[in-house]
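Trainee: I need the structure of the sequence given here:
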Amino acid sequence: MIKTVNQIHTDKEDGPVLVAVRDKQDKPLVDLACALARSKNGMVRIVAGNSSTKPQTWTWLKDYQENSEIPLDIILHHRQIAERIILQENKKSNAEMLVLGWSGKTSGGRYILSRTLDAVLQNASNNILVSQRNYSGSPQRILIPVAGGPNAIQAVEIAHRLNPQAEITLLFVATRHLEAEIAVGRKRLSAVSDFFPDIKTIHEVVVADNPIKGILREAKDGYNLLIIGASAEKNIFDRFIFGNIPKAIFHRSPIPTIILRRKIPFFRSASQKLWVRLFNFLPTASSSEQVNAYQTIQKGIRHNKDYSLTLSLGAIFAALGFLLDSPEIIVGSMMVSPLMAAILGMSLNIVLGKSRNLWRALIMMLRGVILAIIMGGIIGLIAPNPQVTHEMLAFSQPSLLDLGIALVAGITAAYAISRTNVSNAFAGVAVAAALTPPLANIGLTLVMRQFTLAQGASLLFITNLIAIIAAGALVFIWLGFRPRHQDSKKSATLRRGLRGVIALLILVTIPLATLTYHTTLSAQLHQNVEEAIKIGVAELGDAKLDSWELENGSAKEETLQIDITLRGPSYIRYSTARALQESIAQYLQRSVALTVSTIPSAQ
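Mentor: This is a model prediction of the structure:
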């Protein structure tokens with residue numbers, strides 16, 4: 001009897017094989033589910049549904065139920081089957097296995113397989129089989145690729161359940177003609193077959209340019225079924241970014257193919273769901289938005305006179321702002337800087353795997369960097385008696401806070417340029433991420449022979465550059481930008497690019513963390529010294545503190561050299577200054593060398 005959704009009940013027994021179907025074309029999925037259930041004397045629960053209201057739509061399924069040799073429970077939904085329905089029924093049924101169909105076509109954007117399949121794979125923790133709709137019963141020769149993971153063991157069990165008399169071949173693809181790699185392959189095949197001493201398996205090691213070519217070539221050699229593990233990548237982040245090898249094989253396989261995703265342990269399932277929710281927080285950029293963003297960024301990495309002119313003007317503005325110690329002028333210089341477009345061009349082309357455009361963006365950025373430094377140096381040379389200002393110092397002392405600002409700026413910039421309704425925010429992001437000012441500061445400090453300041457300004461720019469590239473790439477991936485998974489060269493460019501950027505981000509964090517640590521210690525020391533001086537001076541009576549200065553300023557110095565200027569009706573005696581020194585030293589628990597100057601003043 002076919003049940004409606006209102007008649008669903010949860011059976012007490014565990015372990016049915018759950019299969020989702022939409023129409024009669026999904027009958028091979030039901031055959032597959034029945035074969036699996038038959039091997040364990042189990043039952044099959046079918047979740048069926050589409051938007052058709054014709055009574056004959058499910059006649060085939062009713063006939064299948066009447067002729068079935070195993071218990072068959074059908075749950076009918078009068079609407080299209082979506083991920084929410086599948087997940088609900090999977091949870092109610094406590095299914096041992098979930099069987100799903102897939103045509104091989106992707107939904108695009110951030111989805112690896114399709115919107116429904118991705119959601120189910122990411123949220124269901126039990127065993128899942130994703131099959132083509134061309135499965136034929138009792139396969140005689142079954143091929144199972146082995147890469148060293150646990151999926152192959154589960155695949156052998158599935159193959160044996162489908163046909164205990166089938167010839168099962170374990171395949172290892174070596175990508176190099178090296179005896180060591182071939183030996184490793186044989187060892188992995190033996191490790192899998194050792195789990196099943198009662199199941200006869202054939203071991204096959206082949207050499208190919210990549211695993212996809214090797215598996216597809218072997219599959220043509222008279223096999224009836226191919227079972228492959230859900231992912232060859234190490235973690236969920238890799239799967240989101242690069243897709244997976246099984247997807248490419250599934251799409252091009254010449255024989256019926258099943259992707260197996262084995263049961264996920266509880267803690268791994270929880271972490272995966274957390275990542276999925278985080279990844280799905282942002283909306284996906286539409287196809288038109290992706291095209292517009294790509295065209296805008298590609299246009300921005302083409303060298304032209306406008307790029308050189310605006311960058312030169314921005315660097316001149318910044319250099320003048322530093323010399324005049326004017327933050328307003330420095331902020332204005334950021335508004336005319338085109339460097340952000342070149343840097344985002346690097347982010348996007350890393351994500352898309354376009355190495356030629358990546359090099360073009362890199363060269364464009366380097367030209368801009370050299371030009372901005374030269375313009376800052378020229379201003380420093382022609383300026384009369386240039387002096388180090390507070391703004392120059394501020395842009396030469398980067399910290400972890402600057403790294404955080406650059407990461408947020410990169411996220412915002414990539415999001416703004418990819419989303420039509422917030423693209424006007426792009427100019428504001430350029431102000432938040434200081435790109436041209438540090439370069440102008442490098443030029444100024446070099447000609448002024450302030451090499452320590454030039455080093456600090458260089459670290460600030462490198463920090464901003466790497467952070468924006470990394471954050472921008474992550475957001476582009478998040479919004480659905482990605483190379484075609486079948487293009488191995490572009491995927492390799494993406495993989496290498498992201499790993500390189502992340503490595504550089506970690507490397508630049510080390511000196512920033514060190515500088516931040518020393519800056520924090522120095523600030524704490526100054527705060528303690530000031531408090532100690534105020535307490536000591538308050539005990540002097542008529543004398544008032546005018547100013548003070550810590551000359552050595554290092555928290556590691558054994559003796560602190562402090563200069564104090566006081567105002568009072570008379571000069572300070574030696575004994576009074578000595579008492580003040582002892583008071584400060586006792587408060588700080590440090591050795592103190594004190595110099596006291598007095599400015600006479602009337603009461």
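Trainee: Okay, now the unreliable bits of the stretch 401-550 of the chain?
Mentor: Within the stretch 401-550 of the chain, the stretches with pLDDT under 70 are 422-433, 484-491.
Trainee: Swap in 90 and give it another go.
Mentor: Low-confidence segments of the stretch 401-550 of the chain (pLDDT under 90): 408-435, 473-505, 508, 514-526, 535-550.
Trainee: Could I get the full set of strands for it?
Mentor: For the stretch 401-550 of the chain, the strands defined by DSSP state E, counting those that start in this stretch occupy 544-550.
Trainee: How about the chain?
Mentor: Applying DSSP state E to the chain gives strands spanning 2-4, 17-21, 44-49, 72-77, 97-101, 127-131, 141-145, 167-174, 201-207, 225-229, 257-261, 544-550, 559-568, 591-600.
Trainee: Turn those strands into JSON lines, including distance to Pro28 and mean neighbour count.
Mentor: Any C-beta I mention is one placed from the backbone N, CA and C, and that applies to glycine too. Converted to JSON lines, these look like this (distance: least, Cβ to Cβ, whole Å; neighbours: other Cβ atoms under 10 Å):
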{"stretch": "strand 2-4", "distance to Pro28": "20", "mean neighbour count": "12"}
{"stretch": "strand 17-21", "distance to Pro28": "10", "mean neighbour count": "27"}
{"stretch": "strand 44-49", "distance to Pro28": "13", "mean neighbour count": "24"}
{"stretch": "strand 72-77", "distance to Pro28": "16", "mean neighbour count": "20"}
{"stretch": "strand 97-101", "distance to Pro28": "8", "mean neighbour count": "24"}
{"stretch": "strand 127-131", "distance to Pro28": "7", "mean neighbour count": "23"}
{"stretch": "strand 141-145", "distance to Pro28": "16", "mean neighbour count": "24"}
{"stretch": "strand 167-174", "distance to Pro28": "21", "mean neighbour count": "22"}
{"stretch": "strand 201-207", "distance to Pro28": "25", "mean neighbour count": "17"}
{"stretch": "strand 225-229", "distance to Pro28": "12", "mean neighbour count": "26"}
{"stretch": "strand 257-261", "distance to Pro28": "11", "mean neighbour count": "24"}
{"stretch": "strand 544-550", "distance to Pro28": "81", "mean neighbour count": "15"}
{"stretch": "strand 559-568", "distance to Pro28": "82", "mean neighbour count": "18"}
{"stretch": "strand 591-600", "distance to Pro28": "85", "mean neighbour count": "15"}
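Trainee: Can you say which of the ones you listed is nearest to Leu435?
Mentor: With Cβ to Cβ as the criterion, Leu435 lies closest to strand 544-550 of the strands of the chain, at 33.8 Å.
Trainee: Quick check: longest helix in this protein by residues?
Mentor: Ranked by number of residues, the top helix in the chain under DSSP state H is helix 488-538.
Trainee: Any idea how far it is from the middle of the chain?
Mentor: Centre-to-centre, helix 488-538 and its host chain are 21 Å apart (Cα atoms, centre = their mean, to the nearest Å).
Trainee: and that helix, what does it pack onto?
Mentor: In terms of contacts (3 or more Cβ pairs under 8 Å, 6 or more residues apart in numbering; DSSP states H and E), helix 488-538 is packed against helix 236-242, helix 339-352, helix 355-382, helix 400-418, helix 451-478, strand 544-550, strand 559-568, helix 574-588.
Trainee: deepest of those, which one?
Mentor: helix 339-352 (a mean of 27; mean count of other Cβ atoms under 10 Å).
Trainee: Restrict it to CA atoms and write it as CSV.
Mentor: Output of helix 339-352 as CSV, limited to C-alpha atoms (Å, rounded to 0.1, in the frame of the first residue of the first chain):
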residue,chain,number,x,y,z
LEU,A,339,46.4,49.2,-6.6
MET,A,340,43.3,47.5,-5.0
ALA,A,341,42.0,46.4,-8.4
ALA,A,342,45.4,44.8,-9.3
ILE,A,343,45.5,42.9,-6.0
LEU,A,344,42.0,41.7,-6.3
GLY,A,345,42.9,40.6,-9.8
MET,A,346,45.5,38.3,-8.2
SER,A,347,42.9,36.9,-5.8
LEU,A,348,40.4,36.2,-8.5
ASN,A,349,42.8,34.7,-11.0
ILE,A,350,44.2,32.4,-8.3
VAL,A,351,40.7,31.2,-7.6
LEU,A,352,39.9,30.8,-11.3
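Trainee: Quick check: mean pLDDT of it?
Mentor: Helix 339-352 comes out with an average pLDDT of 89.
Trainee: hmm, back to that, could you check the angle strand 559-568 makes with the longest helix of the chain?
Mentor: 50 degrees (axes from the mean of the first three to the mean of the last three Cα atoms, to 10 degrees).
Trainee: give me the low-pLDDT residue ranges for the stretch 101-250 of the chain?
Mentor: Ranges of the stretch 101-250 of the chain meeting pLDDT under 90: 101-138, 147-154, 174-185, 194-198, 200, 208-213, 228-250.
Trainee: Tell me which stretches of it form helices.
Mentor: 115-123, 151-162, 179-193, 211-219, 236-242, 245-252 (DSSP state H, counting those that start in this stretch).
Trainee: Minimum distance to Ile562: which of the ones you listed has it?
Mentor: helix 236-242 (52.3 Å).
Trainee: picking up where we left off before, so which of the strands of the chain comes closest to Ile502?
Mentor: With respect to Ile502, and counting by Cβ to Cβ, the nearest of the strands of the chain is strand 225-229 at 26.3 Å.
Trainee: CSV for the helices of the stretch 101-250 of the chain, including distance to Arg482?
Mentor: Below are those laid out as CSV (distance: least, Cβ to Cβ, whole Å):
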stretch, distance to Arg482
helix 115-123, 13
helix 151-162, 24
helix 179-193, 30
helix 211-219, 18
helix 236-242, 7
helix 245-252, 12
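Trainee: Among these, which comes closest to Gln581?
Mentor: Gln581 lies closest to helix 236-242 among those, at 58.7 Å (Cβ to Cβ).
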